[in-house]
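J.: after the sequence you'll find the predicted model.
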Amino acid sequence: MKMNEFRLTVDSKSVNEAFARVVVSAFVSPLDPTLEEIADLKTAVSEAVTNCIVHAYKNTYGKIFISGSIDDNHIVKIVIRDKGCGISDIDKAMTPLFTTGEGDRAGLGFTVMESFCDKIKVRSKQDKGTTVTLSKKIEGKVKW
Amino acid sequence: MKMNEFRLTVDSKSVNEAFARVVVSAFVSPLDPTLEEIADLKTAVSEAVTNCIVHAYKNTYGKIFISGSIDDNHIVKIVIRDKGCGISDIDKAMTPLFTTGEGDRAGLGFTVMESFCDKIKVRSKQDKGTTVTLSKKIEGKVKW
Amino acid sequence: MNVTIESSGNLVIAYLIGEIDHHTATQVRDKIDSVIKFKKPGHLIIDFRNVTFMDSSGIGLVMGRYRLIKSISSASTLEIKNVTRQTKKIMELAGLGRIAIIKETNNDENE
Amino acid sequence: MNVTIESSGNLVIAYLIGEIDHHTATQVRDKIDSVIKFKKPGHLIIDFRNVTFMDSSGIGLVMGRYRLIKSISSASTLEIKNVTRQTKKIMELAGLGRIAIIKETNNDENE
Ligand SMILES: Nc1ncnc2c1ncn2[C@@H]1O[C@H](COP(=O)(O)OP(=O)(O)O)[C@@H](O)[C@H]1O
Ligand SMILES: Nc1ncnc2c1ncn2[C@@H]1O[C@H](COP(=O)(O)OP(=O)(O)O)[C@@H](O)[C@H]1O
């Protein structure tokens, strides 16, 4: 059962990378997450949102759709969706160090998402867009 | 011209009062607002969101639609909309100390919104819902 | 929890903590009221030193506690202490000064 | 600004500040690169003490500066200093240890 949920739409502007991180960490804060859980989740969200800006809407602007839910087992699900260029080969895209990005992209976005979350699901269709679903259980601080 | 904007949908749960405040303050943070400007805006947003929970969706649950924009004059506009019971007499509702709420409502929500923002607009239709539009110019910290 | 309560003799002191909004005020109210009903204090102090945010729910919280102590004894008094800049703005708007003695932060702490 | 840069002799030190993501990394990169191109340092230190958040854009930032100093002189070396817990996790994932000397926070500060 869902305890809480939100839906957020932002522009593909890089200033919204930080905005999305704050929104997600505020959303999960009632679960009393540890600093490390918060940092992990923020990092994964940051990667997914950055990918929408850098890859999906490269040389253009569009909307980024972010939604989140918390269920009664404290599993947080964050969905990041764009209507950008899509990914032709998802397996290849998820290979560590693979990047089509210019400049300083490290090709590690998906690797970070995979290792900082419990589960990641990527669906994509060329010229239609990409949906990344991140799941992470928040154990929270131990209450004494 | 709009510099940035967002759209957020949350449930009418009281835990989302704090969530909405954080979202709005993160959204305006690129304008480098003063502590007082942030506190004022958070307080006004908190009043409007609380009203959706306490009044619009009294004894029931529904969605709260929050959107925000920043224009190039650093005027922040935050719109808080519900599909709740609506307000029959807006002038009366906005009178200081007037409340239909139970328990500890002070009847000062609209008074706070009015004095902590530059402009407030309220539109409402009975059984359809209410839209509150708050505008506030963020001067920001003086840069030396 | 958003409140710690101390009491001694005729006095009850409620130290509010963190963000006071409609969500947190409900829990704070219940906790203060159970102490008031048990102790029936002649003087209630609400301390705002550690309040980081407050909206008009905080005003409702103060006024409700004022009504409660007055209903127990009409001689009871309310004092609001260590008010910070942001909470003061809302208290002034509400005219809380009419029902309570308000002492700001950095005013003489010992009395 | 998210970086302060010091240089003396053969050494350039870049102190990163705040949140390092794709948005801030672009500005930081331009600032470091203009100093590197001017000073052509034999040793570059990137200090992470004041980094409060970093995603893989920070890795790209480090690797790009590594490539730049190496392209100027293949003998140049890179050192990463005062890595905090969160940034360390990402650096390990990226295997940055293969290209740079990594020193964590609280390791011997004077050398
Ligand atoms: N939302 C997206 N839309 C289109 N392509 C994407 C998206 N996300 C990732 N990709 C593709 O997957 C590749 C790998 O992504 P990632 O692992 O995050 O590394 P990086 O962002 O550093 O390139 C990207 O270079 C890009 O080609
Ligand atoms: N979103 C809303 N939907 C329905 N009624 C509302 C809404 N917002 C305010 N009202 C009405 O206006 C009155 C005054 O609101 P306000 O000044 O915020 O004080 P309070 O919330 O303390 O009652 C409320 O008691 C309620 O009757």
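T.: Ah, there it is. Predicted, not measured: the structure shown is a model, and the values here were computed from it. Ligands and ions are numbered 1, 2, ... in the order given.
J.: and the gap between the residue nearest in space to the middle of chain A and ligand 2?
T.: Chain A has residue A:45 as the residue nearest its centroid, 3.2 Å off, counting by Cα atoms, centre = their mean. Separation of residue A:45 from ligand 2 (Cβ to the nearest ligand atom, to the nearest Å): 31 Å. C-beta here means a position set from N, CA and C on the backbone, and glycine is covered the same way.
J.: element containing residue A:113, please.
T.: helix A:109-116 (DSSP states H and E).
J.: and that helix, what does it pack onto?
T.: Helices and strands touching helix A:109-116, as assessed by 3 or more Cβ pairs under 8 Å, 6 or more residues apart in numbering or on different chains; DSSP states H and E, comprise helix A:35-51, strand A:119-125, strand A:129-137, helix D:56-72, helix D:85-94.
J.: just say which of these is most tucked in.
T.: Most buried of the helices and strands packed on helix A:109-116, by mean neighbour count (mean count of other Cβ atoms under 10 Å in any protein chain shown): helix A:35-51, with a mean of 24.
J.: with chain B in mind, check whether that one reaches it.
T.: No. On the criterion Cβ under 8 Å from any Cβ of the partner chain, helix A:35-51 is out of touch with chain B, staying 12.1 Å away.
J.: quick check: residues of chain A near chain B?
T.: A:4-11, A:13, A:15-16, A:18-19, A:22-23, A:26-27, A:29-30.
J.: and the helix holding residue A:113, how far from the chain's centre?
T.: 10 Å (Cα atoms, centre = their mean, to the nearest Å).
J.: just the buried residues of it, please?
T.: The neighbour-count check on helix A:109-116 (16 or more other Cβ atoms under 10 Å in any protein chain shown) flags A:109-116 as buried.
J.: stretch C:12-26 too?
T.: C:12-26.
J.: extract the C-alpha trace of that stretch and format it as PDB.
T.: Extracted C-alpha coordinates of stretch C:12-26, given in PDB (Å, rounded to 0.1, in the frame of the first residue of the first chain):
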ATOM      1  CA  VAL C  12       4.500  24.500  33.400                       C
ATOM      2  CA  ILE C  13       7.100  25.200  30.600                       C
ATOM      3  CA  ALA C  14       6.600  23.800  27.100                       C
ATOM      4  CA  TYR C  15       9.700  24.000  24.900                       C
ATOM      5  CA  LEU C  16       8.600  23.800  21.300                       C
ATOM      6  CA  ILE C  17      11.100  22.300  18.900                       C
ATOM      7  CA  GLY C  18      11.500  22.300  15.100                       C
ATOM      8  CA  GLU C  19       8.700  23.200  12.600                       C
ATOM      9  CA  ILE C  20       5.300  24.100  14.000                       C
ATOM     10  CA  ASP C  21       2.600  23.600  11.400                       C
ATOM     11  CA  HIS C  22      -0.800  22.000  11.300                       C
ATOM     12  CA  HIS C  23       0.900  18.500  11.000                       C
ATOM     13  CA  THR C  24       3.100  18.900  14.100                       C
ATOM     14  CA  ALA C  25       0.800  21.200  16.100                       C
ATOM     15  CA  THR C  26      -1.700  18.400  16.700                       C
END
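J.: pLDDT below threshold where in chain A?
T.: A:143-144 (pLDDT under 70).
J.: residues of it that sit close to ligand 1?
T.: A:47, A:51-52, A:54-56, A:82, A:84-87, A:93, A:98-101, A:105-110, A:130 (Cβ under 6 Å from any ligand atom).
J.: and the longest strand along chain C, how far out from the chain's middle?
T.: Counting by DSSP state E, the longest strand found in chain C is strand C:43-54. Per Cα atoms, centre = their mean, the displacement of strand C:43-54 from the mean C-alpha position of its chain is 6 Å.
J.: that strand pairs with which strands, parallel or anti?
T.: strand C:11-20 (parallel), strand C:77-83 (parallel) (DSSP bridges).
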